[in-house]
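A.B. asks: Give the three-dimensional model of this entry:
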Amino acid sequence: MKKGNIAVLLSGRGSNFVAIVRASRAAGANFAVRLAISDRGDAAGLKKAARLGIPAHHVNPGDFPGKAAYEARLCELLESERIELVCLAGYMRLAGPVLLGRFPDRILNIHPALLPSFPGLDAQAQALRFGVKVSGCTVHFVDAGTDSGPIIAQKAVALRPGEGLEALKRRILRQEHRLYPQAISLFFAGRLQIDGHAVIIKA
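C.D. replies: Numbers count the residues shown, from 1 in each chain. Have a look, this model is predicted:
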């Protein structure tokens, strides 16, 4: 079976990156991780990529005159590895016109909340402050907005009485590690169809 080529863009620990790599190496997986890129040289995810044998690059945005030039370099790396799908995993930058234009409807993100509620930073803390009874995570296509692209899949996580922020983060993260590889697999199975701002999962 031919496997789809994916790259992961990350800025931090890389736990979702590791989960994606592990899923890609399971029997029957229809995708393979070919590349990891971080905008931060100190990202722990880069070291994890090295341990897993995944080619990894630090591309410092500060080395470029602007976002367009920075993203053009990202695209060079992505296209050199024939990447078909870009997965953002804790990547703390909004995708700009260059990246979106070169990979239309081929960029995914995972967010630790049930979108469209609580987009942006500190989503779990936002949910706790609001007093929700159920939070969770969302995989979505990336557009020019902040966590505003068409939603592919979600997993709910019910809050426990007296639960603190760190405990909630850990439980949501466990669901992220399951949900993201599932969404990637659906993409390469040809089962995701964008219809306006909705995603239809075909049988």
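A.B. asks: could you measure Y91 against G162, distance?
C.D. replies: Using Cβ to Cβ, to the nearest Å, one gets 32 Å for the distance from Y91 to G162. Any C-beta I mention is one placed from the backbone N, CA and C, and that applies to glycine too.
A.B. asks: okay, V86: pLDDT?
C.D. replies: Note for V86: predicted pLDDT of 98.
A.B. asks: Specify the local secondary structure of the residue nearest to V157 when sequence neighbours are not counted.
C.D. replies: Distances taken as Cβ to Cβ, 6 or more residues apart in numbering place G136 nearest to V157, at 4.6 Å, with adjacent residues excluded. Under DSSP: H, G, I helix; E, B strand; the rest coil, the three-state class of G136 is strand.
A.B. asks: where's G136 relative to E176, distance?
C.D. replies: Using Cβ to Cβ, we find G136 at a distance of 9 Å from E176.
A.B. asks: what touches both of the two?
C.D. replies: Listed as contacting both G136 and E176 by Cβ atoms under 8 Å, 6 or more residues apart in numbering are K155.
A.B. asks: what are the bridge partners for the residue nearest to V157, then?
C.D. replies: Per DSSP bridges, the residues bridged to G136 are A156.
A.B. asks: longest helix of this structure?
C.D. replies: When the chain is parsed with DSSP state H, its longest helix is helix 165-188.
A.B. asks: quick revisit: based on its surroundings, how many neighbours for the residue nearest to V157?
C.D. replies: When neighbours are defined as other Cβ atoms under 10 Å, G136 has 22 of them.
A.B. asks: can you tell me how far it sits from H111?
C.D. replies: 10 Å.
A.B. asks: Who are the contact partners of A123?
C.D. replies: Counting by Cβ under 8 Å, 6+ apart, A123 has contacts 111-113.
A.B. asks: so of those, which ones are in strands?
C.D. replies: The strands in this structure, assigned by DSSP state E, contain H111 from these.
A.B. asks: picking up where we left off before, model confidence for the residue nearest to V157, exactly?
C.D. replies: Confidence score, pLDDT, at G136: 98.
A.B. asks: wait, isn't it in contact with A156?
C.D. replies: Yes - counting by Cβ atoms under 8 Å, G136 does reach A156; the two are 4.3 Å apart.
A.B. asks: what is in contact with the two at once?
C.D. replies: Jointly contacting G136 and A156 under the rule Cβ under 8 Å, 6+ apart are L114.
A.B. asks: Quick one: neighbours of the nearest residue to K133 once chain neighbours are set aside, just the number.
C.D. replies: Excluding its sequence neighbours, the residue lying closest to K133 (Cβ to Cβ, 6+ apart) is L159, at 5.8 Å. By other Cβ under 10 Å, 16 other residues sit near L159.
A.B. asks: residues touching L159, list them.
C.D. replies: Taking Cβ under 8 Å, 6+ apart, one finds 128, 132-135, 168 in contact with L159.
A.B. asks: ok, so of the residues you listed, who is nearest G41?
C.D. replies: Lowest distance from G41 to these (Cβ to Cβ) belongs to L168, with 30.0 Å.
A.B. asks: Measure how buried the closest residue to that closest one other than its chain neighbours is and give me the count.
C.D. replies: Spatial nearest neighbour of L168, chain neighbours left out: Q124 (5.4 Å); criterion: Cβ to Cβ, 6+ apart. For Q124, the neighbour count with other Cβ under 10 Å is 21.
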